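Q: Please work out how this folds:
(chains A and B)
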Amino acid sequence: MKNQSRWYLFFFITPILLWLFLLIVLPHIDLLIMSFRMEDDAGDMVWSLGNYLTFFTEPIYWATFARTALYSILVTVLTFVIALPISFYITHVVSPKFSGFLMLLLLLPFWVSELVRVYGWMILLRESGVINHFLVQLGILNKPVEMLYNDATMILGLVYTSMLFMVVPLISVLESLDKALIEAAFDLGANMWVVLVRIIIPHAMPGIVSGSIVVFMLTLGNYLTPNLMGGKNSLWFTEQIYNQFIASFNWNQGSAFGFLLLLLSSLIIWVGLKLSGQTLSKAVK
Amino acid sequence: MHIDLSVQNITKKFEDFTAVDSVSFEVEQGRFFSILGPSGCGKTTLLRMIAGFTEPTQGIIAIRGNNMQGITPNKRPVNLIFQHLALFPMMNVAQNIAFGLQRQGCGKAEIQKKINTILDRVDLPGFQDKKIDQLSGGQKQRVAIARCLVLEPTVLLLDEPLGALDLKLRDQMKVELKKLQAKVGTTFVYITHDQSEALVMSDYVAVMNKGKFEQVDTPQNLYNHPATPFTAQFVGDNNAWSARITQMSDTRASLVTPDGNTFTVNTDDPSFSVDDKVDLFLRPEAMVIQPDPSMDKLNRFEIIVKAILFDGANSRLLATPINSAKELIIGLPQNRQFDHVRPLDKLEIGWHEASGICFPKDEAPL
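A: Sure thing, here's the model as predicted:
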């Protein structure tokens, strides 16, 4: 009996371990080694910290890095601010039979690939796009303006892309919130704001943290949306990594940037967990 | 005496369903007032209207003479204890109690003092730092009461707060709640479907059915002089027996049941006349087993015991009158006098003509 259950465990865990090891761990070890190697003047590969030093000596690199981190935090906060009322509305305001339909509406855009969705936004926002056309027709604008390729549009696109990953965990925690708690708080003299800060947010904390981690990581590592909607001005750190690998064929430099991004996301998530008083195990549950 | 809560012609309609139908009552200061009714009778809707969570379709709710129309729950001088208590699990006991005080803008030291006082009062001294999930059912109950009482509401509303407790604890909490109410002197409005809770604790009980009050009276009067067939059957146990009036005088009526038993019963209802169909209500304890032959004004008949329903002090006999399938429940005193009774025994039963109550035949019995 015991042998059998051990065999089952082995059977199911092997593919996962193989997947993790072959596709995640092994390439990363290779990248890590690569990031510490550099061509010397003679053109030979030698061990070096030069790739990491380049990052700190070239302002464009660390400025892009800081910008990416700050904007990712901003996107996470904005996504949360928009997703909380939506989730609350779906779980506690509309009738249960309607809430399933609303969930479906949220999911529907995600059946289309991210690329197509971003092009959708571009069709709406570009100079010859739908919104400009209507604004000019209505006489609000004299001539079309370019709404793409600025930071605001990029953040709009990133928030839109991240919405679902915040709404789903929030809905699952808010579903377990007893309506009587909110009523009790009102009964004891609280207003909307106090109910939100003292009852709803503390209750939803595990969902907020897990949603924020997912949104933050997806945004930080997003390449498509900043590139297409932000254009050349987007200066997203993933683009720097892409440039090193593809444009400059400098895989060693690209690896170093990749690891810096990994460190950055781990660090910010750790700080976020500490600030919110949550633990990773509680958030992923 | 001041009137703390006055409800006048309050009505609540949900589309085409009338949950509360023109209910009026007043509660004097310091009273323990209960609203007793089966589930779905509209009592929770009524309570929620008083608390302010539901807007009445019609009617006036006034607390200490102030009309409460348009005043939100967080501005009303009433507090509600929820059915499942609704203690905040993200806070400890002290924070739960402090919640309302902070909303009133009390200072830190004052809040601290009030928390200590109220926890002493509900017999939970030193529980400030306990988490909610560390408390037992009875302790949670008391924290929920403390959380409301600390705000010194004019009226405390309680929505079946004992429903989730087990029987022993519920009996204990009934007594405690009654004592606590007497001690603090706050007006309590308590809703329940459990007639024993209502009878034990209340000064006045309103029996509610299908959105209307059937009777508002003291527990003793509800039990001894029910005004409607519903009250007679809902408050305490009762045997309902259909009968026909054969003879009528000023104070007494003679009845015959379909199985041929003839009884005499006291009644002062002038609307009865001969040949009316009535329901006769007899309490289990009103029926005496093997009454003394010398006793006067007793209706006597014979029964066959079907089963003995032993339940300690609340033991009963399930029996049928001779030549009848009508099942009756008869009180079986546990004074060892009737230990010999066995199923299929034939016994004589007697009841005093003043202890039966007649109502016109109810078309839709309970």
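
Q: Strands of the stretch 1-150 of chain B, residue ranges please.
A: Along the stretch 1-150 of chain B, counting by DSSP state E, counting those that start in this stretch, strands occupy B:3-14, B:17-28, B:32-36, B:58-63, B:66-67, B:78-81.

Q: Within the sheet, what are the partner strands of the shortest one, with directions?
A: Going back to what we said before, that points to strand B:66-67. strand B:58-63 (antiparallel) (DSSP bridges).

Q: in the strand it pairs with, what counts as buried?
A: Judged by neighbour count (16 or more other C-beta atoms under 10 Å in any protein chain shown), strand B:58-63 contains these buried residues: B:G59, B:I61, B:A62, B:I63. Placement of C-beta: from N, CA and C, glycine included.

Q: what does it rub up against?
A: Contact with strand B:58-63 is made by B:4-11, B:22-24, B:49-50, B:67-69, B:76-78, B:154-155, as judged by C-beta atoms under 8 Å, 6 or more residues apart in numbering or on different chains.

Q: of the residues you listed, buried ones?
A: If we count by 16+ other C-beta under 10 Å, the contacts of strand B:58-63 have these buried: B:4-7, B:10-11, B:23, B:49-50, B:68, B:76, B:78, B:154-155.

Q: Quick one: low-confidence residue ranges for the chain.
A: Since you didn't name a chain, this refers to chain A. A:1-2, A:282-285 (pLDDT under 70).

Q: actually it's chain B I care about, not the one you picked
A: B:1, B:362-366.

Q: Enumerate the residues of it near chain A.
A: B:51, B:53, B:72-75, B:79-80, B:82-84, B:86-91, B:99-100, B:103-104, B:147-148, B:151 (C-beta under 8 Å from any C-beta of the partner chain).

Q: Okay, and which of those residues map to helices?
A: B:A51, B:F99, B:G100, B:R103, B:R147, B:C148 (DSSP state H).

Q: Spatially, which two of those residues are the most separated?
A: Maximum pairwise distance among those (C-beta to C-beta): 16.5 Å, between B:A51 and B:F99.

Q: Let me know the angle separating the lengthiest helix in chain B from strand B:32-36.
A: Taking DSSP H as the criterion, chain B has its longest helix at helix B:167-184. Interaxial angle of helix B:167-184 relative to strand B:32-36 (axes from the mean of the first three to the mean of the last three C-alpha atoms, to 10 degrees): 140 degrees.

Q: Could you point out the helix or strand that follows helix B:167-184?
A: Once the chain leaves helix B:167-184, the next helix or strand it forms, by DSSP states H and E, is strand B:187-192.

Q: where exactly do the strands run in the stretch 101-250 of chain A?
A: Under DSSP E, counting those that start in this stretch, the stretch 101-250 of chain A gives no strands.

Q: who in it is up against chain B?
A: So the stretch 101-250 of chain A meets chain B at A:178, A:180-181, A:183-191, A:194, A:198-199, A:202-203 (C-beta under 8 Å from any C-beta).

Q: 6 Å - rerun?
A: Taking C-beta under 6 Å from any C-beta of the partner chain as the contact definition, the stretch 101-250 of chain A meets chain B at A:A180, A:L181, A:A184, A:F186, A:D187, A:L188, A:G189, A:A190, A:P202.

Q: can those residues go into a markdown table with extra columns for neighbour count?
A: Below are those laid out as a markdown table (neighbours: other C-beta atoms under 10 Å in any protein chain shown):
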| residue | neighbour count |
| --- | --- |
| A:A180 | 17 |
| A:L181 | 21 |
| A:A184 | 29 |
| A:F186 | 24 |
| A:D187 | 27 |
| A:L188 | 27 |
| A:G189 | 20 |
| A:A190 | 22 |
| A:P202 | 13 |
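
Q: can you pull out the strands in the stretch 151-300 of chain B?
A: B:155-159, B:187-192, B:204-209, B:212-217, B:239-248, B:252-256, B:262-266, B:277-282, B:287-289, B:298-309.

Q: Now, of the residues of chain B next to chain A, which are buried?
A: Burial by neighbour count, 16+ other C-beta under 10 Å: within the residues of chain B next to chain A this picks out B:51, B:73-74, B:79-80, B:82-84, B:86-88, B:91, B:99-100, B:103, B:147-148, B:151.

Q: Can I get the strands of the stretch 151-300 of chain B in CSV including distance to B:G137?
A: Shown next, in CSV, are the strands of the stretch 151-300 of chain B (distance: least, C-beta to C-beta, whole Å):
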stretch, distance to B:G137
strand B:155-159, 15
strand B:187-192, 17
strand B:204-209, 25
strand B:212-217, 31
strand B:239-248, 35
strand B:252-256, 48
strand B:262-266, 45
strand B:277-282, 36
strand B:287-289, 38
strand B:298-309, 29
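
Q: Looking at the ones you listed, spot the one closest to A:S212.
A: Per C-beta to C-beta, nearest to A:S212 of those: strand B:155-159, 37.1 Å.

Q: What helices and strands are in contact with that closest one?
A: helix B:43-51, strand B:78-81, strand B:187-192 (3 or more C-beta pairs under 6 Å, 6 or more residues apart in numbering or on different chains; DSSP states H and E).

Q: so who does B:G37 touch?
A: Applying C-beta atoms under 6 Å, 6 or more residues apart in numbering or on different chains to B:G37 gives the contacts B:K43, B:M208, B:N209.

Q: Would you confirm that the second one contacts B:S39?
A: No. With contact taken as C-beta atoms under 6 Å, B:M208 and B:S39 are classed as non-touching, separated by 11.1 Å.

Q: who's more crowded, those two?
A: Comparing B:M208 with B:S39 by other C-beta atoms under 10 Å in any protein chain shown, the one with more neighbours is B:M208, at 27 against 8.

Q: partners of that one in the sheet?
A: B:M208 forms beta bridges with B:F213, as assigned by DSSP bridges.

Q: Could I get the buried residue list for the longest helix of chain B?
A: Buried residues in helix B:167-184, counted by 16+ other C-beta under 10 Å: B:L169, B:R170, B:M173, B:K174, B:E176, B:L177, B:K178, B:L180, B:Q181, B:V184.
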